[in-house]
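Novice: Take a look and give me a structure for this.
(6 chains)
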Protein chains: 4
Amino acid sequence: MAKKTGDKYRAIIEAAVKVIAENGYHNAQVSRIAREAGVADGTIYLYFHNKEDVLISLFQVKMGEFTAAARQELASTADPFERLARLVHLHFTNLEADRNLALVMQIQLRQSDPGIRRGIAEPLREYFHLIEGVINYGVEMKAFRPDLDVRLARQMIFGTMDEVATCWVMSHHPYSLAGLSGQVYQLLARGLTGA
Amino acid sequence: MAKKTGDKYRAIIEAAVKVIAENGYHNAQVSRIAREAGVADGTIYLYFHNKEDVLISLFQVKMGEFTAAARQELASTADPFERLARLVHLHFTNLEADRNLALVMQIQLRQSDPGIRRGIAEPLREYFHLIEGVINYGVEMKAFRPDLDVRLARQMIFGTMDEVATCWVMSHHPYSLAGLSGQVYQLLARGLTGA
Amino acid sequence: MAKKTGDKYRAIIEAAVKVIAENGYHNAQVSRIAREAGVADGTIYLYFHNKEDVLISLFQVKMGEFTAAARQELASTADPFERLARLVHLHFTNLEADRNLALVMQIQLRQSDPGIRRGIAEPLREYFHLIEGVINYGVEMKAFRPDLDVRLARQMIFGTMDEVATCWVMSHHPYSLAGLSGQVYQLLARGLTGA
Amino acid sequence: MAKKTGDKYRAIIEAAVKVIAENGYHNAQVSRIAREAGVADGTIYLYFHNKEDVLISLFQVKMGEFTAAARQELASTADPFERLARLVHLHFTNLEADRNLALVMQIQLRQSDPGIRRGIAEPLREYFHLIEGVINYGVEMKAFRPDLDVRLARQMIFGTMDEVATCWVMSHHPYSLAGLSGQVYQLLARGLTGA
DNA sequence: AATGAATGAGCATTCATTCAT
DNA sequence: TATGAATGAATGCTCATTCAT
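Specialist: This next block holds a predicted model:
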């Protein structure tokens, strides 16, 4: 049970993104996800423990992929400011690339259910760790202020990006999210350096 | 029906804060809120349209009170930086004063239900407006950068405060939230002014 | 919750006897019992914890009534043999009076589910106690053998009546169950006295 | 399909006895029986029509073996009373020899499902026939009363043994079942002869 | 205004069975 | 013969909401 690989595993994940984005988590019936994935209802339970596990796994897969890609991308530049700039840009580009996924990430995953919160915690922590790496690197390179509280700085960076992204997905008139990355970077960079 | 005043109206709001904080929105049965408020189940429907309306009204009342108090408090100083500092401090102080309320505000109200999102929008917009007032005032007074994108700046301020507050409510070991307001203010102020 | 009295409580019990007799316990949908009782599905859960509790309660009510009536009836004669004869006759008369109830008692209640076995145990023990009372009385009055093992004697009496009753409900061609009570009494009485 | 012989056929039967005894019929998943038998799920359907057929076949095999053995054993004595005594002793000895099997026979096979009742009927009828043979022989040999109703006498004998056996498997503190056969025989013999 | 007994829509999950390999 | 991944039908229960009193 709960085999976490294979074509059907991916198909169910992608179907879940679509159905949950369109209907919300609580209105996304398992049978609708199954139909969208082209499998039987019961097949979902060969790959996931339950409906909640689908949502959590979706986050783990997508967030894991993003974090891994971002980690690699950030390592390819030695400039602390460039790293921060790329982080913001990657964050926004990733969300803008798949609007359904963005909807799920920014809205549907913000469930208060304890099980979901718990399942989301670990991959999120890894992303937080990545952000803190950028901050620490900047401090070490004497690019950022030496007296930075790393946790607060990370909360500013993530909180800001998250709020900008949420407003973007919720917006009625379309605009480019990635197009904001420059200005957001400026705001954040100033906060981390400052007069 | 749906009289929005009276002792029982307040009693139900307060009961809802407690029951929702302890059980989560979806596990907070109307009958439990009624019992906690000392009224019959049906009585709730004399003051609220439905369960969702209880949550929304709760937010409107609490957020409205906070925004009004903050507006007054901010007006009492002419220094743009002081205004920003007070905003952060009031935001954190307000949440720290009532942990149950903070839990509801930071966790339980982040429901994906469209109705709730809609009901929350207006009071939230007012608070955003207040924040943007602080920003615009700082720009006018030539304290903040003239080229600030007000919306982005507001998203940074709110996003940062919100993320810091959420981490605080979710934390297992207790620490003072208001105690962080100084450092958070520093981070934000630098972002708004900069080198 | 689970108020164990009232018209609806009785109505649901009676409906359950009918629906379970006709369809078997596992094929007796709660909604069908509700419709037969003239109440909504949810109403059943105001009077019973769950479907299993309906079956158990049914047994407790019906068995309790029978045991009480039998206890009274048996006390009205001082003759040990007459008591045994009446016991058999009451047992058979009671089952023959309501064929649906007999079907449920002899067939449907013989479920292997541990919960049901447990719920049935207590009222059954009381009935066993009543039977053992008849045996002990007979021994005291020197009507039955002094060396009787009371438990074994009870098992013979109950086992025999139960097997006769089960064959009767399962039979395709109808015959009178109560009409057999005389012969069954003879068999049992001889076993308890003997040469 | 449904070949009723072979090593795997027996292996599945024995696995079913174990799994059903431990979990009950409804909680005994086919896949668990398959694993216990060391075969694939689908293999069970090469030997049995369906899950119900496994239970029925189990009964037919075990009951058939018992009835055949008992028939032979009983024929080896000409004394009617001795035949009855042996019947009781064999019945109890057989159950006591395999506690898992006893659990299945006394508890799990008492399902209300019509299909199971039907599948069990024939082997049971043969056992009843064997018991009635003992009774008729006793009457012919003028050992038992000439006015015995054979069916009622059989119901007393089987009902008594069955009830004693059921109480034994259900008991929490262990005791010998076969050790009771003497007393049970005495009770029954008196009933069949009598003053 | 207040009550609380009654309502009934809505859905995740299991597991016996099949069939392509 | 044997496998085991895939199927999909089938239903008990909760709880927000109503309305007769």
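
Novice: what does chain A put close to chain B?
Specialist: With the criterion set to CB under 8 Å from any CB of the partner chain, chain A comes near chain B through A:24-26, A:107-108, A:110-114, A:117, A:149, A:151-153, A:155-156, A:158-164, A:167, A:170, A:180, A:183-184, A:186-188, A:190-195. To be clear about C-beta, it is placed using only N, CA and C from the backbone, and glycine gets the same treatment.

Novice: redo that, cut-off 6 Å
Specialist: Counting by CB under 6 Å from any CB of the partner chain, the positions of chain A adjacent to chain B are A:24, A:107-108, A:110, A:112, A:149, A:152, A:155-156, A:158-160, A:162-164, A:183, A:187, A:190-191, A:194.

Novice: from those residues, which ones fall inside helices?
Specialist: A:152, A:155-156, A:158-160, A:162-164, A:183, A:187, A:190-191 (DSSP state H).

Novice: In TSV, list the residues you listed along with distance to C:Arg32 and pLDDT.
Specialist: Formatted as TSV, these follow (distance: CB to CB, whole Å; pLDDT from 0 to 100):
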residue	distance to C:Arg32	pLDDT
A:Leu152	62	97
A:Gln155	57	98
A:Met156	61	98
A:Phe158	55	98
A:Gly159	55	98
A:Thr160	58	98
A:Asp162	51	98
A:Glu163	53	98
A:Val164	56	98
A:Gln183	65	97
A:Leu187	65	95
A:Arg190	70	94
A:Gly191	66	91
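
Novice: biggest helix in chain A, by residue count?
Specialist: Taking DSSP H as the criterion, chain A has its longest helix at helix A:114-140.

Novice: Please identify the buried residues of it?
Specialist: A:116-117, A:119-120, A:123-124, A:126-128, A:130-139 (16 or more other CB atoms under 10 Å in any protein chain shown).

Novice: Would you mind measuring the gap between the ends of stretch A:43-52?
Specialist: End-to-end distance for stretch A:43-52: 15 Å, by CA to CA, to the nearest Å.

Novice: ok, that stretch near DNA strand F or not?
Specialist: Yes: interface with DNA strand F: stretch A:43-52 contributes A:43, A:45-46 (CB under 7 Å from any atom of the strand).

Novice: In contact with the spatially most central residue of chain A, which residues?
Specialist: With distances taken as CA atoms, centre = their mean, the residue of chain A nearest its centroid is A:Met63 (5.1 Å). Neighbour list for A:Met63: A:Pro123 [criterion: CB atoms under 6 Å, 6 or more residues apart in numbering or on different chains].

Novice: That one: which element?
Specialist: helix A:51-75 (DSSP states H and E).

Novice: list the buried ones in that helix?
Specialist: If you call a residue buried by 16+ other CB under 10 Å, then helix A:51-75 has these buried ones: A:51-63, A:66-67, A:70, A:74.

Novice: and that helix with helix A:114-140, angle?
Specialist: Orientation check (axes from the mean of the first three to the mean of the last three CA atoms, to 10 degrees): helix A:51-75 against helix A:114-140 gives 10 degrees.

Novice: Could you figure out how far whichever helix or strand comes after helix A:51-75 is turned away from helix A:114-140?
Specialist: Once helix A:51-75 ends, the next helix or strand along the chain (criterion: DSSP H and E) is helix A:80-97. For helix A:80-97 against helix A:114-140, the angle by the same axes, to 10 degrees is 150 degrees.

Novice: which bits of chain A sit near DNA strand E?
Specialist: So chain A meets DNA strand E at A:27-31, A:41-42, A:44-45, A:50-52 (CB under 7 Å from any atom of the strand).

Novice: what's the spacing between the closest residue to A:Leu95 other than its chain neighbours and DNA strand E?
Specialist: Closest residue in space to A:Leu95, ignoring its immediate chain neighbours: A:Ala102 at 4.1 Å, by CB to CB, 6 or more residues apart in numbering or on different chains. Plainly put, A:Ala102 is 23 Å away from DNA strand E if you go by CB to the nearest atom of the strand, to the nearest Å.

Novice: A:Ala102 contacts A:Thr93, correct?
Specialist: No: using CB atoms under 6 Å, A:Ala102 is not in contact with A:Thr93; the gap is 11.0 Å.

Novice: Neighbour count for these two, which is higher?
Specialist: Shown here are A:Ala102 and A:Thr93; by other CB atoms under 10 Å in any protein chain shown, A:Ala102 has more neighbours (21 against 13).

Novice: if I pick the closest residue to DNA strand F within chain A, what's in contact with it?
Specialist: Proximity of chain A to DNA strand F (CB to the nearest atom of the strand) peaks at A:Gly42, 1.5 Å away. Not one residue lies near A:Gly42 by CB under 6 Å, 6+ apart.

Novice: Leaving out sequence neighbours, find the closest residue to A:Leu152.
Specialist: Distances taken as CB to CB, 6+ apart place B:Gln183 nearest to A:Leu152, at 5.6 Å, with adjacent residues excluded.

Novice: Can you check the pLDDT for the residue nearest to the centre of chain A?
Specialist: In this model, A:Met63 is scored at 97, pLDDT.

Novice: Noted, bye for now.
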